[in-house]
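**Student:** After the sequence you'll find the predicted model.
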Amino acid sequence: MDARSALGLTLAVVLSAPSGHALAQDDGNYSLGGPALAVGDPAPKLAVQEFVRGSAVTEFERGTVYVVEFWKIGCPPCRAAIPHLNELQKKYPAVVFISVGVISSTADNIAYVKRTGDQMKYRVAVDRVPPGKDAITCGAMVQGWLEPAGEEGVPTSFVVDGSGRIAWIGHPTELDGAKSGRPLREIVAGTWDLKTAAAKFAESRGADARRRIDQLPKTERDAVHALHKRAGRVEVVVRGNTVTWVRFDPRQVTDAVIADLANDLRKLNELRRLDLCGADISDAGLKALRELTTVTDLDIGYTRVTDAGLAHLRGWNDLGMLNL
């Protein structure tokens, strides 16, 4: 397994049991329908606070290949990847390398780059984190790139091809690795088989998820499959024989479907965290969730919910974290 520093939010996944009851090492993060951001998808916007080193990039230009790499302060594997990224930038001068600092506050990341950024011979930017907000749950680049792609740690690199699509996702030391098919070289040359790469990425994520979810008790298993059917991509965290966390593709969650989703969510008796960040729901949609009183951590950031709508959550006596 690649050496990476964990984000601190998403659990690492180790799989072993092919059937029967779930074992402890099966605990982890699983997606049905694939990650919300996958190889072959259009690249998200670059929602960085600022470029601390190098000229700013505001959008992905057609015909240009980009490498978007993520790092965090105090991450030994991230520091170890810098010389390799320097070599690749020198080898491929037409490729735009963008290294984005995440997981820490914007101010801390900027200060760190100003102290040590001379080591990086490519563009360096920092994530956009609202003041006083959590850098993981509210970091624009974490929530727009890493989390939707199911990436559990840094450093992680995304290659955006000349058509603006994600062509490869992985550890930066594998950008030109033989085992990974030398993706950067092939993408630059225009010989990368994006359709095959997308299929391999989807299968690698999907097969493990289907197997693990099928190990759950029938009620929970049926509920997860129903959520997947109603909302497309759904990501869950499994602990033992229960689902404790659910996240949806926000593009598929609206006021029109939230009531049906709530009916299925109520069947997950140990549900503790519900992530609706970016969903197109309003106060009316939030009202449909009022009976999900087991939830202690609710993320409704970037939705249309107002302060007045929070009155629908009065029965959630144990709600410990609310991200708006």
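**Tutor:** Perfect, thanks for sending it. Please read all numbers here as calculations on a predicted model, not as lab measurements. Numbering: from 1, shown residues only.
**Student:** neighbours around residue 100, how many?
**Tutor:** If you count neighbours by other Cβ atoms under 10 Å, residue 100 ends up with 28. The C-beta positions use only the backbone N, C-alpha and C, and glycine is treated the same way.
**Student:** Ok, residue 246 next?
**Tutor:** Counted with other Cβ under 10 Å, residues neighbouring residue 246 total 24.
**Student:** In which helix or strand does it reside?
**Tutor:** Per DSSP states H and E, residue 246 falls inside strand 242-248.
**Student:** what do you get for residue 100?
**Tutor:** strand 96-101.
**Student:** Show the subsequent helix or strand relative to that strand.
**Tutor:** The helix or strand immediately downstream of strand 96-101 is helix 106-116, counting by DSSP H and E.
**Student:** so what does that following helix touch, helix or strand wise?
**Tutor:** On a contact count with 3 or more Cβ pairs under 8 Å, 6 or more residues apart in numbering; DSSP states H and E, helix 106-116 meets strand 48-53, strand 96-101, strand 123-127.
**Student:** Which other helices and strands does the first one contact?
**Tutor:** Pointing back at strand 48-53 there. Partner elements for strand 48-53 (3+ Cβ pairs under 8 Å, 6+ apart): helix 106-116, strand 123-127.
**Student:** Can you list the strands that it pairs with?
**Tutor:** strand 123-127 (antiparallel) (DSSP bridges).
**Student:** Stretch 64-80: how far from the chain's middle?
**Tutor:** Between the centre of stretch 64-80 and the centre of its chain there are 15 Å (Cα atoms, centre = their mean, to the nearest Å).
**Student:** Go through that stretch and flag the buried ones.
**Tutor:** Neighbour-count burial for stretch 64-80 flags 65-73, 75, 77-78 (criterion: 16 or more other Cβ atoms under 10 Å).
**Student:** and of these, the nearest to residue 235?
**Tutor:** Nearest to residue 235, judged by Cβ to Cβ, of the buried residues of stretch 64-80 is residue 70 at 18.7 Å.
**Student:** That closest one: which element?
**Tutor:** Applying DSSP H and E as the criterion places residue 70 in strand 66-71.
**Student:** Which single helix of the protein contains the most residues?
**Tutor:** Criterion DSSP state H: the longest helix present in the chain is helix 194-213.
**Student:** Could you point out the helix or strand that follows that one?
**Tutor:** Helix 194-213 is succeeded, C-terminally, by helix 218-231 (DSSP H and E).
**Student:** following that next one, which helix or strand shows up next?
**Tutor:** Where DSSP H and E defines the elements, the next helix or strand beyond helix 218-231 is strand 234-239.
**Student:** other SSEs contacting that next one?
**Tutor:** Under the contact criterion of 3+ Cβ pairs under 8 Å, 6+ apart, strand 234-239 touches strand 28-32, helix 194-213, helix 218-231, strand 242-248.
**Student:** Format those as TSV; extra columns: distance to residue 110 and mean pLDDT.
**Tutor:** Below are those laid out as TSV (distance: least, Cβ to Cβ, whole Å; pLDDT from 0 to 100):
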stretch	distance to residue 110	mean pLDDT
strand 28-32	30	82
helix 194-213	33	86
helix 218-231	37	95
strand 242-248	29	93
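**Student:** Of all these, which one is nearest residue 106?
**Tutor:** For residue 106, the closest of the helices and strands packed on strand 234-239 is strand 242-248, at 23.9 Å, according to Cβ to Cβ.
**Student:** is residue 168 in a bridge, and if so with what?
**Tutor:** residue 159.
**Student:** Let me know whether it touches residue 159 as I believe.
**Tutor:** Yes: contact between residue 168 and residue 159 holds when scored by Cβ atoms under 8 Å: they sit 4.3 Å apart.
**Student:** so what's in contact with the two at the same time?
**Tutor:** Both residue 168 and residue 159 are contacted by 175, 183-184, 187, under the criterion Cβ atoms under 8 Å, 6 or more residues apart in numbering.
**Student:** which ones among those are found in strands?
**Tutor:** Of the shared contacts of residue 168 and residue 159, none are assigned to strands by DSSP state E.
**Student:** which one of those residues sits closest to residue 324?
**Tutor:** Proximity of those to residue 324 (Cβ to Cβ) peaks at residue 175, which lies at 37.5 Å.
**Student:** Return the distance of the closest one relative to residue 119.
**Tutor:** 18 Å (Cβ to Cβ, to the nearest Å).
**Student:** Of these two, give the one with the bigger neighbour count.
**Tutor:** Taking neighbours as other Cβ under 10 Å, residue 175 and residue 119 compare with residue 175 leading, 25 against 11.
**Student:** so who does the nearest residue to the more buried one once chain neighbours are set aside touch?
**Tutor:** If you skip the residues right next to it in sequence, residue 175 has residue 184 as its closest partner in space, 4.4 Å away by Cβ to Cβ, 6 or more residues apart in numbering. Going by Cβ under 8 Å, 6+ apart, residue 184 touches 65, 67, 88, 92, 95, 159, 168, 175-176.
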